[in-house]
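Engineer: got a structure for you, letters missing:
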C-alpha cells in the first residue's frame, strides 16, 4: 500500500514539475536604458541602441517614440506627455530600422539619430524609444509588453538652474528612534528650466561632530535626473549601524548644474535611544536615589530618646 502511494506521488510530481513548460527567458533586453545627452541647436546626434533576444525563438519587434514627463510621485516613473509639433523630441528621433526580426540569442544594434532643429531653444527635452512584439510570443516564453530607452536631451545655452531641498528627514517626520536601521529621505525639487542631476553625499555625525558613516547620493551611471517645472525626486539612504544610541545629525551636501555648480545643504538632527538603555538608566537613577537617601539618613545626627 505504501509503495502504491509513493508511486502515485511520483507520478503527480512529474506531471506538475517535469512536464510543465518552463519560462525559457524574460524575452528581451534593451540598452542603454537611459541616454543623457547634450547638443547645440541645429546639430545631429548619433547613438546606438542594442536589442538582445534572450529567448529560443525569433522575435519580431516594432518601435515607436513618445514624449514623456515624470510623475505623479517622487520615484521618476516616466509617463506619456502630450507634446507635439516643432518642440517634440519624439519627432526629432529617427531609427535605422523601425521594425526588426531578431534570431534566438542574437544581439542587434540600431542606430538612433536625433536631429536637433535650429530653432530649438536652450532647455530640456524628454522622450522614450519603445519596442514591442508584433505578435504574441511563442508559448513557453515569458510575455512582455513594451520595453524602451529613456532619452533626456539638453539643448545647450543659457538656462535657469534652480533647485531646493524640499524635505530632509525620516519617513514619518520623527526625530526619536528606538533602533536602527534608519531611512533618511531627501526630496529635491527642480525649479529651473532644464533637468538637473544632483550628486553628493549624506553623512551621519555623532554628538561630537565625528563622521560615523558616509553614503553617496544619486551616484553612478544610473543617477536620476530631475525634470524642470517643480518636479520633485526622492532619494533614500539607509543607515544601519547595528546597536547604537545617542544624538546624531544627518548632513546632506549635493551639487548640481552643468556650467556653474551650485550647492544644496540640509541637516537632520535625531536621537537613537533603545528601550533597554532607557530601562538601564532608570534603574541606575533609582539606585543612585536610594543610595543618596541612605547616605543622607546615616549622616543625620541620631537624637537620644531615653528619659532622664
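Structural biologist: Ah, there it is. These numbers come from a predicted model, not from an experiment.
Engineer: what's the closest non-adjacent residue to residue 107?
Structural biologist: residue 52 (4.6 Å; C-beta to C-beta, 6 or more residues apart in numbering). Bear in mind the C-beta positions are built from the backbone N, C-alpha and C, glycine included.
Engineer: low-confidence ranges in the stretch 151-300 of the chain?
Structural biologist: Judged against pLDDT under 70, the low-scoring parts of the stretch 151-300 of the chain cover residues 259, 275-283, 300.
Engineer: tell me where it has helices.
Structural biologist: 275-299 (DSSP state H, counting those that start in this stretch).
Engineer: for the residue nearest to residue 107, give its distance to residue 100.
Structural biologist: According to C-beta to C-beta, to the nearest Å, residue 52 stands 12 Å off from residue 100.
Engineer: those two: which is more packed in?
Structural biologist: residue 100 (19 against 15; other C-beta atoms under 10 Å).
Engineer: stretch 154-170: how far from the chain's middle?
Structural biologist: 17 Å (C-alpha atoms, centre = their mean, to the nearest Å).
Engineer: give the buried residues for it.
Structural biologist: 154, 155, 156, 159, 161, 163, 166, 168, 169, 170 (16 or more other C-beta atoms under 10 Å).
Engineer: take the residues you listed and keep only those in strands.
Structural biologist: Among those, the residues falling in strands (DSSP state E) are 154, 155, 163, 166, 168, 169, 170.
Engineer: farthest pair in those residues?
Structural biologist: 155 and 170 (39.0 Å; C-beta to C-beta).
Engineer: before we move on, back to that, columns distance to residue 233 on top of the buried residues of stretch 154-170, output as a markdown table?
Structural biologist: As requested, the buried residues of stretch 154-170 are exported to a markdown table (distance: C-beta to C-beta, whole Å):
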| residue | distance to residue 233 |
| --- | --- |
| 154 | 17 |
| 155 | 21 |
| 156 | 23 |
| 159 | 18 |
| 161 | 15 |
| 163 | 10 |
| 166 | 9 |
| 168 | 13 |
| 169 | 16 |
| 170 | 18 |
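Engineer: if we only consider the residues you listed, which is nearest to residue 77?
Structural biologist: residue 166 (17.9 Å).
Engineer: one step back: from the buried residues of stretch 154-170, which is closest to residue 224?
Structural biologist: Nearest to residue 224 among the buried residues of stretch 154-170, with distances taken as C-beta to C-beta, is residue 163, at 13.0 Å.
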